[in-house]
Structure formats: structure tokens, C-alpha cells
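Chemist: model this:
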Amino acid sequence: MKGDLGCAMGRIEQMIRYTLWNSGAGGIVIGISGGIDSAVAAAFCEKAIGGGNILGLSMPSAVSREEDLLDARALCEYLGISHMVVRIDPMLDAYRAMPGFMETPYLTGNLMARSRMAILYYYANRDRRLVCGTSNRSEFLLGYTTKYGDNAGDFQPILHLLKTEVVEVAQELGIPEAIIKKAPSAGLWPGQSDEGEIGMTYAEIDTAIRALEAQEWRPKNNREEKVLEMVKKSEHKRLPAPSLVGIC
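Modeler: A predicted model of the protein is given here:
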């Protein structure tokens, strides 16, 4: 990545501009979590079409960290994009009234992710905008995303970047250090961290992914075997829903 960083970043900006112009939409809406992925994606959108055409939405819940909301607000101010806060607790409370509702970190976390994406698309529909996805390649390959939740979007500017590459790009874009150095977290429960839940650091994950690709996905150690197993188990998240279209 380092050798052609400027060219690679320029291609992302061009993709965003082409996607927006080709769709006829008037702007972009993006979820701003206070984390590095949404910060980098938002910065690319700002460079591509200008901050005045972008709406950043922060959607905290009761378990969200206050520092994340402060970082999200500061990022939007730094980029010159509009910022709005929509708290999702009232929506989650409504879901809790459903018959048979069960509350676990897994179930509630997925519900949070899908609720946030529904909110993003509401404002996108209202204002004739496109939703910018914020998934990176490491999490996408591992399946560390919620289907129809945080892995959704009308375009994905950083989906081809491994997490360690996202950090590299963030430094080049001038993303605030407080965001770059923050431990990645989906904010699903107090103290939750992505690396703790996965059981590996992103540096270890990305090293394994690069090695597997060079080895035609034949693992040579336990870490590569674990990553490959996660990639296999999450394949359904990366493929279209099975159907008989074109067959029957």
C-alpha cells in the first residue's frame, strides 16, 4: 500500500464522485461512530464531494461510550460536515415489547446494527442521498459484521482495505490521533473490544490474511487456520441470497 498510497486514495475519491453522479443523488449520509473506519470513510467523502453535501449521523445507545460521541462530533466539525445525533434506545425499547423477545449481547448487538442502518436509509431516502458503507476488508472477510446492518451501504470506499491499511490511510488523511489510537470496538456492551472478541489483534489478522492469499488459502499455522475457518463460516455474509433466478 505504501508505494502508491496517493494514487490509491485518489481512486477512492473518483469512485465516490462517479457513484454519486451516476445515481443522480444529491449527497451522502454516513454513520459516524467515533471509530477509525467511519472517520476514514467520511474523510474520503469530504475530499470527493465537499463537506456541505454530507450528513453524519451518530446513533448511540445506552452502552455507547460518551468519548465516542465527542470524537464523532469533533470529526464532523474538523471535516466540515453536518452532524446529527439520533439515540436508538427508544427503538430498542419498542423491540423489547415483541413477543418472545430475548436479550443477549449477540441478539441485541445485531438489532442495534440493523436499526442504525434503517435510520441511515431513512435520512438517505428523505434527502435523496446515498448511504456510505464503512466496512473494512479484514472484518468483511472474517464475517465480523452484521448482515443488512453495518455491512450494508450504497457504496463501500474502504472495503478493499485491511484494517492496518485503514490506519495507514487515516494518518495520511490527518484523522485525529484520539480516533486513530482508540481500541476498535463495536460498542455492543461496556468494555467490549473487537480484538478481544475475535481473539487476535488486527495486525495478526492482516498478517494471516496476506499469508493465506499468497499461499492460495492453504494455512501453515494455527493462526492462519483460525482466520481461514472464520472466512469459511461467514461466506454467506458476502454472497447474494441463494435463489433460482436464471435456473427456473
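Chemist: Just the pLDDT at the closest residue to residue 190 other than its chain neighbours, thanks.
Modeler: Counting by Cβ to Cβ, 6 or more residues apart in numbering, residue 190 lies nearest to residue 63, which is 5.6 Å off, once chain neighbours are set aside. Glycine gets a C-beta too; all of them are placed from N, C-alpha and C. Per-residue pLDDT puts residue 63 at 90.
Chemist: What is the neighbour count of residue 63?
Modeler: 16 (other Cβ atoms under 10 Å).
Chemist: That one touches residue 185, doesn't it?
Modeler: No - counting by Cβ atoms under 8 Å, residue 63 does not reach residue 185; the two are 10.2 Å apart.
Chemist: Spell out which residues are contacts of both of those two.
Modeler: By Cβ atoms under 8 Å, 6 or more residues apart in numbering, residue 63 and residue 185 have no common neighbours.
Chemist: Check which element follows the helix or strand bottoming out on mean pLDDT in the chain along the chain.
Modeler: Every helix and strand in the chain was compared by mean pLDDT, DSSP states H and E; the lowest is helix 194-198, with a mean of 83. Using DSSP states H and E, the helix or strand that directly follows helix 194-198 along the chain is helix 202-214.
Chemist: what about the helix or strand hosting residue 131, average pLDDT?
Modeler: Assigned by DSSP H and E, residue 131 belongs to strand 129-132. Mean per-residue pLDDT for strand 129-132: 98.
Chemist: Packing partners of that strand?
Modeler: For strand 129-132, the elements it packs on are helix 5-23, strand 27-31, helix 36-49, helix 105-127, judged by 3 or more Cβ pairs under 8 Å, 6 or more residues apart in numbering; DSSP states H and E.
Chemist: Quick one: closest of the ones you listed to residue 203.
Modeler: helix 36-49 (14.1 Å; Cβ to Cβ).
Chemist: Of all the helices and strands packed on strand 129-132, which one comes closest to residue 59?
Modeler: helix 105-127 (4.6 Å).
Chemist: contacting residues for the residue lying closest to residue 144 once chain neighbours are set aside?
Modeler: Counting by Cβ to Cβ, 6+ apart, residue 144 lies nearest to residue 198, which is 6.4 Å off, once chain neighbours are set aside. By Cβ under 8 Å, 6+ apart, the contact set of residue 198 is 142, 144, 205.
Chemist: again with residue 195
Modeler: Shown in contact with residue 195 (Cβ under 8 Å, 6+ apart): 183, 184, 201, 202.
Chemist: Quick check on those: which are buried?
Modeler: Among the contacts of residue 195, the ones that count as buried by 16 or more other Cβ atoms under 10 Å are 184, 202.
Chemist: pLDDT-wise, what's the bottom of the contacts of residue 195?
Modeler: Note: of the contacts of residue 195, the lowest pLDDT belongs to residue 184, at 80.
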